[in-house]
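Q: generate coordinates for the sequence data below:
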Amino acid sequence: MNDDGALAGLDERQLEAATTLRGPLRVLAGAGTGKTRVITHRIAHGVDTGAYSPGRVMAVTFTAKAAGQLRGRLRALGIGGVAARTFHAAALAQLNFFWPQLAGDTAPAIVDNKVRMLAHAAEGLRLDLDTATLRDVASGIEWRKVTMRSVADYARERPNGVGRLGVATVVDLHEAYERLKDTRRQLDFEDVLLACAGMIESEPRVAHAVHEQYRHFTVDEFQDASPVQVRLLELWLGDRRDLCVVGDASQTIYSFAGAEARHLLEFESRHPDAVTVRLEANYRSEPPVLAVANALMRGRPGAVELIAATVAPAADVRPSVTAYPNDAEEARGIARQIARLVGTGVNPRDIAVLYRAHAQSAELLTALAEAGIAATVLGGRRFFDLPEVRKALLLLGGESKAHQQRDLHDAVRDVLRSAGFADDPPAAGGALRDAWEAQAAFLRLADEAPAGTTVPEFKRMMEARARDQHDPALRTVTLSTLHAAKGLEWDHVFLAGMAEGLLPIAYARTFEEVDEERRLAYVGITRAARTLALSWSEGFASQPRQPSRFLREIGTGTLDERRAPHAPAGATRAAALRTSRTPPPAARR
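A: Numbering: from 1, shown residues only. Take a look at the predicted model:
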């Protein structure tokens, strides 16, 4: 490990990436290998050595939360002034800046609800469509634009239409939506990328100004880049070479939204002089978890073979797989295991239950509540949007000047008590327990504030965290879809629903669709640091299920087979796998 300034604590491969300051550079970073650490330390090293001017660096992320975290990490390294933004945020800022200069008017407003506008467009065509259909049409519009296809291209490539709508009607709806948007002088989020790219491409003075502003580009999660984002990046870059892309082809899980891993995998063909650094040392997971992940992805294009970075594993526990007779028993079985973990002193916030579809959360929430275990569904309200937290901040702002000078812990505790907070949590799970956990987390934030922090200072700190989407970890078990769990980690992970029809999902029929489901399973597995428990249920007599083909691909050598507490004798994974259906021809290769 290196201990020199911004390079402190980096291993050999991370150091190689962080000290390669001139691009093009591709970093193939497996799960848990420290890619965000490499990005921030590389930028910090570039600024420290004078190779980069902070104001001329753009770090592009795929979520506003990731951008906020990146800025926070850079500030911790003493680096300010770097633009860390999403593609959309950067494009919108440029559009708002240059549009008045080119058009003599303010930039168009952004559509705040695409489905609602589509509904208005449908009314104009005398179509009465339900919300689900409108959402599907909206997804098609988004896909068409981010893949830079015309409406005619869309019709050729998706000839089956949407639901009960034939392709001709869908095309009419696309065109009506575009006309209505133009009439209202609005752009949708995808238009922002297309308009910004068009502006740079067609206006030399805009291109010159952008190239003068930004000289060095870093793109995180490059496997998720869509064609329009790659095109915009090329226009930002111009004829310069200072581009660093970081990603993991095994975590490409947004193909439905236009993501194409080929941009990462074929980077060297576009940039023949590119340097590639592979990060394989995993700092997150125990060796038994990595064995499962590697077995699932072995032989897949661009897969990184993960190697445990820890010399002596802290918990050499083999991952398990359990078959249950039905979904309710599976949920209760998971709740019992979580209760045992919590009973041994494990913090609930270090536990997650992951699944493929939102609908799977209902049984799990019920089982956890029955067991008296508080749970939070990821993707719900953000912490600082919770009514309990908003009320606490409001009450803090209304404190008198005399009260604002009191000890911070006492002031925050009194404010929370006035809103119904008690020292001990409610005995049962459910909404009351969720509210208590939010208030308790808010009080912990006060306890973690630097000594001497005043009430007004604490309130400003919380408002800054809210802007950066820097939510604290609640002391609750996390429930999450696999998509929402990407980029996160927990000590103990339960991956539910490892059955055909759930993972892979029923509508995944082609080889490419099943491969994306495999990558989703990989994302779920690699969220686990210490223990991993897989499970599936046999469903009901009218709708029997078979275990996921991914369990067969992983094999019995890396998994501990377990019998469900109430499952019929012989209902083990091994027995079920022997009767597993053969994957459909489109899913085999």
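Q: now the stretch 351-500 of the chain, which segments are flagged as low pLDDT?
A: 380-381, 400-405, 426-431, 433, 468-469, 473 (pLDDT under 70).
Q: helices along that one, start to end?
A: 361-370, 387-397, 401-404, 408-418, 431-448, 455-467, 482-485 (DSSP state H, counting those that start in this stretch).
Q: how about TSV for those helices, with mean neighbour count and distance to residue 99 added?
A: Bear in mind the C-beta positions are built from the backbone N, C-alpha and C, glycine included. Listed next are the helices of the stretch 351-500 of the chain as TSV, based on neighbours: other C-beta atoms under 10 Å; distance: least, C-beta to C-beta, whole Å:
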stretch	mean neighbour count	distance to residue 99
helix 361-370	20	43
helix 387-397	17	35
helix 401-404	12	44
helix 408-418	18	45
helix 431-448	18	40
helix 455-467	16	25
helix 482-485	20	34
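Q: now distance to residue 378 too, for these, in CSV please.
A: Shown next, in CSV, are the helices of the stretch 351-500 of the chain (distance: least, C-beta to C-beta, whole Å):
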stretch, distance to residue 378
helix 361-370, 10
helix 387-397, 17
helix 401-404, 35
helix 408-418, 24
helix 431-448, 13
helix 455-467, 18
helix 482-485, 5
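Q: ok, which of these comes nearest residue 247?
A: Closest of those to residue 247 is helix 482-485, at 16.6 Å (criterion: C-beta to C-beta).
Q: who are the packing partners of the closest one?
A: Packing partners of helix 482-485 (3 or more C-beta pairs under 8 Å, 6 or more residues apart in numbering; DSSP states H and E): strand 351-355, helix 511-525.
Q: okay if I get these as a markdown table plus mean neighbour count and distance to residue 110?
A: Below are the helices and strands packed on helix 482-485 laid out as a markdown table (neighbours: other C-beta under 10 Å; distance: least, C-beta to C-beta, whole Å):
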| stretch | mean neighbour count | distance to residue 110 |
| --- | --- | --- |
| strand 351-355 | 26 | 33 |
| helix 511-525 | 22 | 29 |
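Q: quick one: closest of the ones you listed to residue 173.
A: Once the helices and strands packed on helix 482-485 are compared by C-beta to C-beta, helix 511-525 is nearest, at 24.8 Å.
Q: please tell me how far that closest one is from the chain's geometric centre.
A: 15 Å (C-alpha atoms, centre = their mean, to the nearest Å).
Q: packing partners of it?
A: For helix 511-525, the packing partners by 3+ C-beta pairs under 8 Å, 6+ apart come out as helix 287-297, helix 482-485, strand 490-495, helix 549-554.
Q: what is the next helix or strand after it packed up against?
A: Remark: after helix 511-525, the chain's next helix or strand is strand 528-537, criterion DSSP states H and E. The contact analysis (3+ C-beta pairs under 8 Å, 6+ apart) places strand 528-537 against helix 287-297, strand 320-324, helix 327-343, strand 490-495.
Q: strand 528-537 vs helix 327-343, what angle?
A: 150 degrees (axes from the mean of the first three to the mean of the last three C-alpha atoms, to 10 degrees).
Q: any figure for the gap between residue 470 and residue 522?
A: The gap separating residue 470 from residue 522 is 27 Å, by C-beta to C-beta, to the nearest Å.
Q: before we move on, what about residue 418?
A: From residue 418 to residue 522 the distance is 48 Å (C-beta to C-beta).
Q: check residue 162 too.
A: Distance from residue 162 to residue 522, by C-beta to C-beta: 30 Å.
Q: how about residue 47?
A: 35 Å.
Q: go ahead and confirm residue 32 touches residue 285.
A: Yes: assessed by C-beta atoms under 8 Å, residue 32 is found in contact with residue 285 at 5.8 Å.
Q: who has more neighbours, the two?
A: residue 285 (29 against 24; other C-beta atoms under 10 Å).
Q: can I assume that one sits in a helix?
A: No: assigned with DSSP: H, G, I helix; E, B strand; the rest coil, residue 285 falls outside any helix and is coil.
Q: wait, it touches residue 30, no?
A: No: using C-beta under 8 Å, residue 285 makes no contact with residue 30, being 10.5 Å away.
Q: overlap of the contact sets of these two?
A: residue 306 (C-beta atoms under 8 Å, 6 or more residues apart in numbering).
Q: ok, for residue 406, nearest residue in space, not its chain neighbours?
A: Closest residue in space to residue 406, ignoring its immediate chain neighbours: residue 455 at 7.4 Å, by C-beta to C-beta, 6 or more residues apart in numbering.
Q: what's the closest of the helices of the stretch 351-500 of the chain to residue 249?
A: helix 482-485 (16.8 Å).
Q: what sits against residue 242?
A: 22, 23, 24, 215, 216, 217.
Q: quick one: which two of the residues you listed are the most distant?
A: Every pair of the contacts of residue 242 checked by C-beta to C-beta; the farthest is 24 and 215, at 13.7 Å.
Q: pick out the residue closest to the middle of this structure.
A: residue 486 (4.1 Å; C-alpha atoms, centre = their mean).
Q: and that residue, what is it in contact with?
A: Counting by C-beta under 8 Å, 6+ apart, residue 486 has contacts 251, 253, 523.
Q: do you know how far the residue nearest to residue 512 when sequence neighbours are not counted is from residue 395?
A: Spatially, and ignoring its direct neighbours in sequence, residue 512 is nearest to residue 255 (7.3 Å; C-beta to C-beta, 6+ apart). Relative to residue 395, residue 255 is positioned 46 Å away (C-beta to C-beta).
Q: next: residue 258.
A: On the measure of C-beta to C-beta, residue 258 and residue 395 end up 44 Å apart.
Q: and for residue 310?
A: Residue 310 is 45 Å from residue 395, by C-beta to C-beta.
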